[in-house]
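Asker: using only what follows, build the 3D model:
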Amino acid sequence: MPDVQDVRFLTVAEVAEIMRVSKMTVYRLVHAGELPAIRFGRSYRVPESAVADAMRPPVADVG
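Answerer: Numbers count the residues shown, from 1 in each chain. Got it, this is the predicted structure:
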């Protein structure tokens, strides 16, 4: 598990830009528990690694 010092946090706007979705979609993902985030005051920060994991295509077992 990486140290907190090594984790890069992104704003909701940055996540939305990377994922090419609206900020509201990012908020929905966070509130649904599909995208982990921590709250700083009134704003959310999402670990960069969580965004990479969310964008990774699912692996289907077709065997």
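Asker: helix/strand/coil for the spatially most central residue of the chain?
Answerer: Nearest to the geometric centre of the chain sits V51, at 3.9 Å (CA atoms, centre = their mean). Using DSSP: H, G, I helix; E, B strand; the rest coil, the secondary structure recorded for V51 is helix.
Asker: need the contact list for it.
Answerer: Shown here is V51, whose contacts under the criterion CB atoms under 8 Å, 6 or more residues apart in numbering are L10, V15, I18, M19, L35. (C-beta placed from N, C-alpha, C; glycine too.)
Asker: just flag the most distant two among the residues you listed.
Answerer: Spatial extent of those (CB to CB) is set by the pair I18 and L35 at 11.6 Å.
Asker: ok, residues contacting stretch 28-35?
Answerer: Outside of stretch 28-35, the residues that reach it under the criterion CB under 8 Å, 6+ apart are V12, V15, V26, P36, A37, Y44, V46, A50, V51, A54.
Asker: could you export the lengthiest strand in the chain as PDB, CA atoms only?
Answerer: Scanning the chain for the longest strand, with DSSP state E as the assignment, gives strand 43-47. As requested, C-alpha coordinates have been extracted for strand 43-47 and formatted as PDB (Å, rounded to 0.1, in the frame of the first residue of the first chain):
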ATOM      1  CA  SER A  43     -14.900  19.400  -2.200                       C
ATOM      2  CA  TYR A  44     -13.800  15.900  -3.100                       C
ATOM      3  CA  ARG A  45     -10.400  14.600  -4.200                       C
ATOM      4  CA  VAL A  46     -10.000  11.400  -6.100                       C
ATOM      5  CA  PRO A  47      -6.800   9.300  -6.100                       C
END
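Asker: contacts for that strand?
Answerer: Around strand 43-47, the neighbours that count as contacts under CB under 8 Å, 6+ apart are 7-12, 15, 26-27, 30, 35-39.
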